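Q: with the input below, show me the fold.
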Amino acid sequence: MLHEEERSDAPRIVEKTADPEEQTVENTLRPSRLDDFVGQNDLKTNLSIFISAAKARNEPIEHLLLYGNPGLGKTTLAHIIGAEMGANVRVTSGPALERVGDLAAILSNLSRGDVLFIDEIHRMNHNIEEVLYPAMEDFALDLVVGKGPSARTLRLTLEPFTIIGATTRLSLLSAPLRDRFGCTLHLNFYSDDDMAKILHRSAKILNLDMDEDTAKTIACRARKTPRIANRLLKRVRDVAQIRHEGILTPDIAHEALAMLAIDNLGLDPVDRHLLGTLIDKFNGGPVGLGTLAAATQEETEAIEEVYEPYLLQLGFLERTPRGRMATARAYEHLGRTK
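A: Purely as a prediction, here's the structure:
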């Protein structure tokens, strides 16, 4: 079983969300055109048609909803759509829109064809959502002026614009809001080949000389997520720079990833601790989520939304009506026997 000292409260290297400092670095690695965006081929084909048709009609592109796991490129695609349409992109998030006045100020300052990107749109306040409906359908804002008997409704006409919403939890969006998007696009996890292409592109931008084997070594540990791949690439670069005169090889990548305790499938100490606890303390399950959270000293939401999705994707974990169960593949990966 994984020793307790291997666990840490420090941010995980395989965390899918990015802090503000990392987002600044990410901006330099993001593609700015659809042709440079690697992977998601079906999505790109549809998006290319939507963009070309809207440009031919000289209209803003329809409102779009992007959903998928963190780090797959929703924000990047929103900026690409804006660039392809020749439009300015304004960025906000659901939690940041606290008052109706905040939304009114943003929408009233949009020019024709501008894009408003709302990240984490599922966390938007319900009152804000109600005001957004006429804005999306009729390009108008219905504002209440005054209070009590003297209150009246004022309709403010807006320039035609596009809202691009991004969410990791499509089920949390209300049906009326989902229905107002002209198209919903799902971003899937990336193949290892696409991950290697993304790493080669990032290495070129960072002025790194990296061969195919090194790219594959990093790609297979990146949890099929570009954000994690770029993060691992930067850590491998650091080790190469300090210990190996800046040369990137598969052996150096193995060394750097071993220092980060990332195994050959991209599992980190937290993932292995979760599986190890399930196997060693509960005989592989089934065990309830609350019990597992207490045994691992993790939040139930963190287990369900952060750790489990990748373990489920690998086939290491099962969710059953009786609780969580470790699969035979999990036993094999951790070197345990049933």
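
Q: ok, Ile51 - contacts?
A: Residues in contact with Ile51 (Cβ atoms under 8 Å, 6 or more residues apart in numbering) are Leu34, Ile61, Ile81, Glu84, Met85. (Each C-beta comes from the backbone N, C-alpha and C, glycine too.)

Q: including distance to Gly73, neighbour count and secondary structure, could these go into CSV?
A: Shown next, in CSV, are these (distance: Cβ to Cβ, whole Å; neighbours: other Cβ atoms under 10 Å; DSSP: H, G, I helix; E, B strand; the rest coil):
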residue, distance to Gly73, neighbour count, secondary structure
Leu34, 11, 17, helix
Ile61, 18, 25, coil
Ile81, 12, 23, helix
Glu84, 15, 20, helix
Met85, 18, 20, helix
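
Q: taking those together, which two end up most distant?
A: Farthest-apart pair in these is Leu34 and Ile61; separation 12.4 Å (Cβ to Cβ).

Q: Pro70 is in what secondary structure piece?
A: Of the helices and strands defined by DSSP states H and E, none includes Pro70.

Q: state the distance from it to Glu318.
A: Using Cβ to Cβ, to the nearest Å, one gets 23 Å for the distance from Pro70 to Glu318.

Q: check Ser32 too.
A: 42 Å.

Q: looking at the two, which is more packed in?
A: Each of Ser32 and Glu318 has its neighbours counted (other Cβ atoms under 10 Å); Glu318 has more, 16 against 13.

Q: need the three-state assignment for the spatially closest residue to that one that is not a sequence neighbour.
A: Nearest residue to Glu318, sequence neighbours excluded (Cβ to Cβ, 6 or more residues apart in numbering): Met325, at 4.5 Å. Using DSSP: H, G, I helix; E, B strand; the rest coil, the secondary structure recorded for Met325 is strand.

Q: contact partners for Met325?
A: With contact set as Cβ under 8 Å, 6+ apart, Met325 has these partners: Leu278, Gly284, Gly285, Pro286, Val287, Leu317, Glu318.

Q: repeat that for 6 Å
A: Contact analysis of Met325 by Cβ atoms under 6 Å, 6 or more residues apart in numbering lists Gly285, Pro286, Glu318.
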